[in-house]
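[1] A structural model of the following input is requested.
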Amino acid sequence: MITVVGTGTGAYGTEVPADAGLVVGARRHLDAVRLPEGAERVVLGPLASALDTIAEYVTEERPVSVLASGDPGFFGIVRALAERFGPGLLDVRPGVSSVAAAFARIGLPWDDAVVVSAHGRDLRTAVNVCRARPKVAVLTGPGAGPAELGAALACTRGERTLVVASALGDPDGERVERLTPAEAAARDWGTAVNVVLCLDGAHAPGPLRTVAGPPAGPSRWALEESEFAHRDSMITKFEVRALALARLGPRLGDLVWDVGAGSGSVAVECARLGAAVTAVERTADGVERIRANAAAHAVDVSVVHGTAPEALAGLADPDAVFVGGGGRALPAVVTACALRARRTVVVAVAALDRVPAVREALAAAGLACDGVLLQSSRLAPLPGDVTRLAATNPVFLLWGTRPPVLHEGVAE
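    Sure thing, here's the model as predicted:
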């Protein structure tokens, strides 16, 4: 039997079963407990080595204890142990997770929080989730702590407060601090940080929930043009938007650019589907219109007032890009976007003459190019209670997709 004990913030404290022949844990956990007489002690380093040692004891049917922080079944070692030895061999005694403890310290519920781990993972996913959601808990790690998270968020335009919880459960060392992203970026945080909460103060308490975690996605998308403020029908029509969204694939953890955003209809729809979004627009009235549409649909969209491609230089690399503007600079804009997009670029083109240049720009950047000509006719009423078909202007929708990276023959 392998007994997994949650320590630090948990109710089980630091009790180690008296019959444990092997005790495995981080050095700080092992130093804080009294080991049973004769028990072997293994400091967690490379996980594979520790699992091999545990396997030797399991084979001999000798009891093992594993010490972990908080709730070891929550982004913890229980997953690795269950995969290697099977859940039936585990006796898990959870403590209070660092996320639960941190929210408790500041008096907020967390059933509506999004929890994302940056421990041993790419920090950009956590940054994008923090930009897109009002209540996020980030589990930190080396190189992905409060300073790095703060530096990334300080460059964005959303108002966020970081709550840094360190040494939770330690009566002498526990600290819970509220800071701006810029203040967090300027500090050296050491190794005692448990979790960072990223909060939009206006929405932090949150509504009553039935299902925990991030809110469900929207029940519909490709919204009617009438649901956005726009100028002289200068808006991506819903038929075009529907296919563009399908090719962009916006999701929680992604960053999407909407370049030449106009009314921001694509930006708003991507944000409604969970992505962090930056809209780039050259006109001042367009910038205000995008902000108004984002507010009307209760989503966060970071708006950059500038002309592409120059305005793209200081932005974080996107997962997907929608290019909705035209003009002679279009090939240069598409090239700049295609060179930096991690997954795909989608371009809406009204003029036939622009199509070859866009295709060439996508292909030259190493993207596999495809596209369609969209022509639709909508039902429209006529006098006498009859209906006709009203044709909309045809639009070319082109997209370039980055080929998957192969690692030892496996596509990602």
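[2] ok, the residue positioned nearest the centre of the chain - contacts?
    In the chain, the residue lying closest to the centroid (CA atoms, centre = their mean) is Gly253, at 2.2 Å. Residues in contact with Gly253, defined by CB atoms under 8 Å, 6 or more residues apart in numbering, are 116, 125, 128-129, 274-275. Backbone N, C-alpha and C define where each C-beta goes, glycine included.
[3] check contacts around the residue lying closest to it once chain neighbours are set aside.
    The shortest distance from Gly253 to any non-neighbouring residue, by CB to CB, 6 or more residues apart in numbering, is to Thr125 (4.3 Å). Counting by CB under 8 Å, 6+ apart, Thr125 makes contact with 116, 118, 253.
[4] Over to Thr125. Which of the three states is it?
    Classification of Thr125 by DSSP: H, G, I helix; E, B strand; the rest coil places it in helix.
[5] Now do it against Ala165, distance only.
    Look at Thr125 and Ala165: by CB to CB, to the nearest Å, they are 20 Å apart.
[6] again, but for Val321
    From Val321 over to Ala165 the distance is 36 Å, taken as CB to CB.
[7] His215 and Glu159, how far apart?
    Slight slip there: residue 215 is Pro, not His. In terms of CB to CB, Pro215 sits 20 Å off from Glu159.
[8] swap in Thr210?
    Taking CB to CB as the criterion, Thr210 is separated from Glu159 by 28 Å.
[9] Comparing these two, which residue is more hemmed in?
    Taking other CB atoms under 10 Å, Thr210 and Glu159 do not tie; Glu159 has more neighbours (12 against 6).
[10] Need the nearest residue in space to that one, chain neighbours excluded.
    For Glu159, ignoring the flanking residues on the chain, the nearest one in space by CB to CB, 6+ apart is Asp200 at 6.6 Å.
[11] contacting residues around the one you found?
    134-135, 158-161, 300.
[12] now with 7 Å?
    Residues counted as contacts of Asp200 (CB atoms under 7 Å, 6 or more residues apart in numbering) are 134, 159-160.
[13] Lowest-confidence entry in these?
    Lowest pLDDT of the contacts of Asp200: Glu159, 81.
[14] Break down the stretch 151-300 of the chain into its helices, ranges please.
    For the stretch 151-300 of the chain, the helices defined by DSSP state H, counting those that start in this stretch occupy 181-185, 238-248, 265-272, 284-296.
[15] Of the ones you listed, which stretch is the most buried?
    helix 265-272 (a mean of 28; mean count of other CB atoms under 10 Å).
[16] Give me the angle between that one and helix 284-296.
    With axes from the mean of the first three to the mean of the last three CA atoms, to 10 degrees applied, the angle from helix 265-272 to helix 284-296 works out at 30 degrees.
[17] And helix 265-272, what does it pack against?
    When contacts are defined as 3 or more CB pairs under 7 Å, 6 or more residues apart in numbering; DSSP states H and E, helix 265-272 sits against helix 238-248, strand 255-259, strand 276-281, helix 284-296.
[18] Tabulate the helices of the stretch 151-300 of the chain (a markdown table), appending distance to Leu389.
    As requested, the helices of the stretch 151-300 of the chain are exported to a markdown table (distance: least, CB to CB, whole Å):
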| stretch | distance to Leu389 |
| --- | --- |
| helix 181-185 | 52 |
| helix 238-248 | 13 |
| helix 265-272 | 24 |
| helix 284-296 | 29 |
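[19] of all these, which lies closest to Ser377?
    Closest to Ser377 of the helices of the stretch 151-300 of the chain, according to CB to CB: helix 238-248, at 10.0 Å.
[20] about what we covered before: now the helices of the stretch 151-300 of the chain in CSV, with mean pLDDT and distance to Ala151?
    Putting the helices of the stretch 151-300 of the chain into CSV (pLDDT from 0 to 100; distance: least, CB to CB, whole Å) gives the following:
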stretch, mean pLDDT, distance to Ala151
helix 181-185, 93, 4
helix 238-248, 96, 27
helix 265-272, 97, 23
helix 284-296, 95, 24
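[21] what's across from Ala320 in the sheet?
    Beta-bridge pairing of Ala320 under DSSP bridges involves Val256, Thr344.
[22] right, and Trp166 touches Asp172 too?
    Quick fix: residue 166 reads Ser, not Trp. No. Judged on CB atoms under 7 Å, Ser166 makes no contact with Asp172 at a distance of 11.9 Å.
[23] Just say helix, strand or coil for the nearest residue to His29 once chain neighbours are set aside.
    Sequence neighbours aside, Leu67 is the residue nearest to His29 in space, at 4.0 Å (criterion: CB to CB, 6+ apart). Assigned with three-state DSSP, Leu67 falls in the strand class.
[24] ok, now which ones touch Leu67?
    Contacts for Leu67 (CB under 7 Å, 6+ apart) come out as 5, 7, 23, 25, 29-30, 33.
[25] which ones among those residues are found in helices?
    Using DSSP state H, the subset of the contacts of Leu67 located in helices is 29-30.
[26] pLDDT score for Gly10?
    46.
[27] cool, Gly173 as well?
    With respect to pLDDT, Gly173 scores 84.
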